[in-house]
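Chemist: predicted structure and sequence below. I'll ask about it afterward.
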Amino acid sequence: MLEAGKLTTPIALMYRPPGNDGYGGTVPWSGPWTELFRTAADMRTIRGSETVVGQMLANVTMVEFWTRYRPEFTSQPINEKWQVKTTRDGRMWDIKLVDIDSRRRFVRITAQTALFT
């Protein structure tokens, strides 16, 4: 159960709008990262691991962000192409799953370290 006193991590939900292809057309998901809204969340680490990316060892951390439900969670198609930004330190997290409580009270966002932003 989510407690209001544990919502101590400020987050922003980010998406990429369509961008210009240079020839007058648009390319989906290619614009600059744009903030939809900010909210407070309870950030919980699930697990961590290491992987090789570009011949370098990279840390991959899975986390859950628990937050209160907002209408933006259903009015916008928040999916795996979106990111969560922790606004205190500026870290970006790739969204893997958005789970909305059946009573629309809480939202659980499962995310991992963004390796490429």
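Modeler: Happy to help now that I have it.

Chemist: end-to-end on stretch 81-95?
Modeler: End-to-end distance for stretch 81-95: 7 Å, by CA to CA, to the nearest Å.

Chemist: could you do stretch 70-87 as well?
Modeler: Using CA to CA, the end-to-end distance of stretch 70-87 comes out at 18 Å.

Chemist: okay, buried residues for that stretch please.
Modeler: Residues of stretch 70-87 classed as buried: Phe73, Ile78, Trp82, Gln83, Val84, Lys85, Thr86 (neighbour count, 16 or more other CB atoms under 10 Å). Using the backbone N, CA and C atoms, a C-beta is placed for each residue, glycine as well.

Chemist: now the strands for the protein?
Modeler: Counting by DSSP state E, the segments of the chain that form strands are 9-15, 19-20, 26-27, 34-53, 56-68, 83-86, 91-100, 106-113.

Chemist: report the angle between the fifth one and strand 91-100.
Modeler: Just to be clear, that refers to strand 56-68. On the basis of axes from the mean of the first three to the mean of the last three CA atoms, to 10 degrees, strand 56-68 is oriented at 40 degrees to strand 91-100.

Chemist: quick one: list the elements packing against strand 56-68.
Modeler: strand 9-15, strand 34-53, strand 91-100, strand 106-113 (3 or more CB pairs under 8 Å, 6 or more residues apart in numbering; DSSP states H and E).

Chemist: same thing but at 6 Å, please
Modeler: With contacts defined as 3 or more CB pairs under 6 Å, 6 or more residues apart in numbering; DSSP states H and E, strand 56-68 has these neighbours: strand 34-53, strand 106-113.

Chemist: which one, of those, ends up nearest to Pro18?
Modeler: Closest approach to Pro18 among the helices and strands packed on strand 56-68 is made by strand 34-53 (10.9 Å; CB to CB).

Chemist: what mean pLDDT does the closest one get?
Modeler: In this model, strand 34-53 carries a mean pLDDT of 86.
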